[in-house]
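1. Build me a structure from this.
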Amino acid sequence: MSALATHRPYMATVLDLEDTGQLDEVLSWAEDAARYVEVVLIIPKVQGIISKLPRDVGGAEIRLAYSVPTKYGGTELPLWDFYDWPVHLLGGSPNNQMEVARYLDTTSIDGNYHNLKATKFCEYWDDGRWLSITPKQDDAIYEAFRRSCVNIWEAWHETV
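-> Numbering: from 1, shown residues only. A predicted model of the protein is given here:
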């Protein structure tokens with residue numbers, strides 16, 4: 001909480017809600033975080049728990065966080081469990097995020113997939129596909145990252 005108090009971000013996640021016995025603890029964390037943020041992200045990972053969540057806590061909005069499935073993991077709850085809630089998408093590729101967003105009230109997203117593609121492969125996202133920058137100049141990874149950011153921003157604004 002000291003980092004939240006120091007930096008005062010717009011939103012913050014709290015402890016993942018992995019079993020029903022954690023509900024009180026997660027809501028306590030949310031109450032503490034609400035003193036410093038406008039939106040508290042709760043990451044539900046257990047069936048049937050979402051209906052027990054309040055819509056706000058301590059004056060801050062509660063937003064559900066959905067971990068977009070990747071080969072490394074993701075939310076196992078069905079998308080319909082998130083129905084009628086504002087949702088923040090965690091991780092995943094831009095393509096997968098935009099596909100999931102078609103079914104949810106997606107109000108915010110994050111992810112570093114495009115950063116990974118730029119730094120490891122000098123690739124950028126453009127209209128659903130990954131393209132390489134060639135020839136590779138000294139600042140190619142930065143240019144790849146920049147292009148992805150611009151293209152992803154534009155794609156989201158066309159989607160919304």
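
2. Pretty sure I42 sits against L23.
-> No: at 9.9 Å, I42 and L23 do not qualify as touching, with contact defined as C-beta atoms under 8 Å. In short, each C-beta sits where N, CA and C put it, glycine included.

3. pLDDT below threshold where in the protein?
-> Residues of the chain that meet the criterion pLDDT under 70 lie in 159-160.

4. how about the helices in it?
-> 2-7, 23-33, 94-101, 113-121, 140-159 (DSSP state H).

5. K117: neighbour count?
-> A total of 22 residues lie near K117 under the criterion other C-beta atoms under 10 Å.

6. ok, it - contacts?
-> Taking C-beta atoms under 8 Å, 6 or more residues apart in numbering as the criterion, K117 is in contact with E123, Y124, W125, W130, A144, S148.

7. chain center to stretch 111-131: distance?
-> Relative to the centre of its chain, stretch 111-131 is centred 17 Å away, using C-alpha atoms, centre = their mean, to the nearest Å.

8. Kindly export it (C-alpha atoms) in CSV.
-> Only the C-alpha atoms of stretch 111-131 are listed here, as CSV (Å, rounded to 0.1, in the frame of the first residue of the first chain):
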residue,chain,number,x,y,z
GLY,A,111,-0.2,-5.9,-21.9
ASN,A,112,3.4,-6.0,-22.9
TYR,A,113,3.2,-8.4,-25.8
HIS,A,114,4.0,-5.7,-28.3
ASN,A,115,7.0,-4.7,-26.2
LEU,A,116,8.2,-8.4,-26.3
LYS,A,117,7.8,-8.6,-30.0
ALA,A,118,9.7,-5.4,-30.6
THR,A,119,12.6,-6.1,-28.3
LYS,A,120,13.1,-9.8,-29.2
PHE,A,121,12.1,-9.9,-32.9
CYS,A,122,12.0,-6.3,-34.1
GLU,A,123,8.4,-6.8,-35.1
TYR,A,124,5.4,-4.5,-34.8
TRP,A,125,1.7,-5.1,-34.9
ASP,A,126,-0.2,-3.9,-37.9
ASP,A,127,-3.9,-4.7,-38.6
GLY,A,128,-3.7,-8.1,-36.8
ARG,A,129,-0.4,-9.3,-38.0
TRP,A,130,3.2,-9.0,-37.0
LEU,A,131,5.7,-7.4,-39.5
